[in-house]
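*Asks:* Give the three-dimensional model of this entry:
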Amino acid sequence: MGFVSLLVVASTPVVEVLLVALLGAYLASPRCGLLDPSARADINRVVYAVFTPALLLASLASTVTLQDTLSWWFMPVNIGIIFFAGGVLGWLAVLILSPPPHLRGLVIASWWGESHY
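*Replies:* Presented below is the predicted three-dimensional model:
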């Protein structure tokens, strides 16, 4: 298989997704006028809250078995430890730095959010 034919085969799915995304972006844009701003916001919420988790679950359901999930026990434990450690570090930062009262929650949330990388 030559380089050009391999490039065509590899780029075809990407181009298809980009074409569908561009069509959707145009149809949702104010220039097209198909959807008003409140309809766009509602569709955005539905896609974020319903369709994205459904796609993830459908993709995982066909490939992940019960044995796989039992062997991944350390992942939720690790997430719990990191979640707790980020909150404790944020609380310590508030104690040490003593920001104004209205910013204390923001400081703790920032430490908590940055600990998940």
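
*Asks:* Could you use CA atoms for every contact and neighbour count after this?
*Replies:* Will do.

*Asks:* Would you mind giving the domain segments of this structure?
*Replies:* 1-32, 36-63, 71-114 (automatic domain parsing).

*Asks:* Quick check: end-to-end length of the last one?
*Replies:* What that stands for is domain 71-114. By C-alpha to C-alpha, to the nearest Å, the extent of domain 71-114 from end to end equals 27 Å.

*Asks:* returning to that earlier point: any chance of the domains of the chain in CSV, plus mean neighbour count and mean pLDDT?
*Replies:* Below are the domains of the chain laid out as CSV (neighbours: other C-alpha atoms under 10 Å; pLDDT from 0 to 100):
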stretch, mean neighbour count, mean pLDDT
domain 1-32, 11, 92
domain 36-63, 12, 88
domain 71-114, 14, 89
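
*Asks:* Tell me where the longest helix sits in the chain.
*Replies:* Secondary structure assigned by DSSP state H gives helix 3-28 as the longest helix of the chain.

*Asks:* any idea which helix or strand comes after it?
*Replies:* helix 37-46 (DSSP states H and E).
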